[in-house]
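Chemist: Quick one: sequence plus predicted model below, questions after.
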Amino acid sequence: MDTVINIPGGGKWSGVISRGKTIKFTATEDGANLSLLLYSAADTAERYNMPDTLKAQHTSHLTKGNVLMSDNGRVLASIIDDSLGWHDTISGYISRRLVDERYGKTTYQEFRNDWHRSGEENFAVELFRNGMTVRDLVPVVNLFSKVYCTEDGNMHYALKHAKKGDFIVLRTEMDVLLITSNTPNPLNPSTNYPAVPVKLEVTAATPISEDDCCLNYCPENRRAFENTWNYSALTIGGMQ
Amino acid sequence: MAVLYRVESERKQENAFISETIPAGDGWTYTLEPGQVLRIVDLEGNQAADTLFYDAENPIDHYSAVNTITNQGNVYLTTGSVLLSESGKELVKIVADTCGNHDTLGGACSAQSNTVRYAHETLPMHNCRDTFMLQLSNNDPRFTKRDLAPNINFFMNVPVTPDGGLTFADGVSAPGYYVEMEAAARVLVLISNCPQLNNPCNAYNPTPIKVLVWDK
């Protein structure tokens, strides 16, 4: 059965998604940014690891063919389709301090549910909901954002990167806890709080084939898949 | 390649109250008081000093690589860089740096990441994450693996290209180069002197580093 989840601008969502699903994220307007974290549902001490993901794949950005690796050398999810070619993982989530500085201080008392949410607080709440705390915060993936570096190392946010209808599809390779915050990229210079709803569609994945684009992206990815499959073999099945 | 911005320190080695050599494969933890200055010296060149910081008053608040680079708008660390925690607290500030470029995107090696990057057979090899875990387990029983956020690799050169590439390049460090940082708060320093034998970044030859600490 397919599941559709709509995350409004400023919104958040978390939940466990089992191995072998696809998650299609679609931007419903121009200028989306969805910050996300992934943890192993079986042991949340195992989580998405930005450095291990980037160095294994010799990249500083994420697109089709890349996988999101855990700190235990396994594949949490792979990127099996992408209309954009570049998603960010080096700029982090937006803090409460930065939201207030850039967009003006808002309170729930005054603005009700139109107040400006921060990634920091959204993640704090959803981590807590799942038995964790801010201690478990690590670098996030910012879907739909492009942050590139010039030779001098300066970081640049690409304006007008994601358009309405842009999408990225993840395939879960382990049972994962997905935590998302639909809050602005911290490097987005806009002075109006960007709030683009993002649609998630979760459905069953087709079995991974030998010519899979993520498995064959680089030898490092194949070894990470082998680590994942060997781990699954230890924890699935056995005497009934 | 980043422009290397080399700044020397006026501090004299003989005035440091701590002066210790850390062989490759070993770790070191120390709590700096506000104002104290830590220098890490790359004794033989092209070594990687994998380093993490924690707010000693609130150890669940770890160094944040992405907060730090996003706040300064640049992915490389050097003199003037303020290293921030996950909560945004200032932990230390780099006050001198004769190397001129340090990585904070490459993270630490681990047994598992070695199997991915090099070969399954590398699993038993010594690695930075094991050193981090041993150091933290001996430091405070409240620490767990959850506290191992992405770290800094002092002296390591990991160029990020405009087209989105990332490589581990030959080092820009050389024998005797150092980086010096002043504590902005009470800060727990955790160092693993990298034992990596599979990567040309240290010419396949991990070597000792030296740490010195001065009172303010």
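Modeler: Okay, I see it.

Chemist: quick one, what contacts residue 139?
Modeler: No chain was given, so I picked chain A. Applying CB atoms under 8 Å, 6 or more residues apart in numbering or on different chains, we find residue A:139 in contact with A:48, A:50, A:89-90, A:92, B:64-66, B:150. C-betas here are computed from N, CA, C, even on glycine.

Chemist: hmm, I had chain B in mind actually
Modeler: Per CB under 8 Å, 6+ apart, neighbours of residue B:139: B:29, B:188, B:190.

Chemist: Specify which member of those is nearest to chain A.
Modeler: Lowest distance from chain A to those (CB to the nearest CB) belongs to residue B:188, with 14.0 Å.

Chemist: Now tell me what touches the one helix or strand the closest one maps to from outside.
Modeler: Residue B:188 belongs to strand B:187-193 when assigned by DSSP states H and E. Identification of contacts with strand B:187-193 by CB under 8 Å, 6+ apart yields B:22-32, B:38, B:40, B:47, B:49-56, B:59, B:91-92, B:108, B:128-129, B:131-132, B:135-136, B:139, B:206, B:208-209, B:211.

Chemist: Show me how to select, in PyMOL, the buried members of those residues.
Modeler: Typed into PyMOL, the line below selects the buried ones among the contacts of strand B:187-193, using 16 or more other CB atoms under 10 Å in any protein chain shown:
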select buried, chain B and resi 22+24+25+26+27+28+29+32+38+40+47+49+50+51+52+53+54+55+56+59+91+92+108+128+129+131+132+135+136+139+206+208+209+211
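
Chemist: which ones among the contacts of strand B:187-193 are found in strands?
Modeler: Secondary structure from DSSP state E places B:22, B:27-32, B:38, B:40, B:49-55, B:91-92, B:209, B:211 of those in strands.

Chemist: For whichever residue of chain B sits closest to chain A, give me its contacts.
Modeler: Per CB to the nearest CB, residue B:107 is where chain B lies closest to chain A, at 2.4 Å. Residues in contact with residue B:107 (CB under 8 Å, 6+ apart) are A:49-52, A:55, B:113, B:150-151, B:153.

Chemist: leaving aside the residues next to it on the chain, what's closest to it?
Modeler: residue A:51 (2.4 Å; CB to CB, 6 or more residues apart in numbering or on different chains).

Chemist: Which secondary structure state is assigned to the one you found?
Modeler: Secondary structure, DSSP: H, G, I helix; E, B strand; the rest coil: residue A:51 is helix.

Chemist: Isn't it up against residue B:150?
Modeler: Yes: Residue A:51 lies in contact with residue B:150 (CB atoms under 8 Å); the separation is 4.9 Å.

Chemist: shared neighbours of these two, which are they?
Modeler: B:65, B:105, B:107-108.

Chemist: What score does the residue nearest in space to the middle of chain B have for pLDDT?
Modeler: With distances taken as CA atoms, centre = their mean, residue B:51 lies nearest the centre of chain B, 3.0 Å away. For residue B:51, the model assigns a pLDDT of 98.

Chemist: Likewise for residue A:240?
Modeler: pLDDT, residue A:240: 70.

Chemist: likewise residue B:172?
Modeler: Listed pLDDT for residue B:172 reads 84.

Chemist: need the contact list for it.
Modeler: Contacts of residue B:172 by CB under 8 Å, 6+ apart are B:4, B:99-101, B:157.
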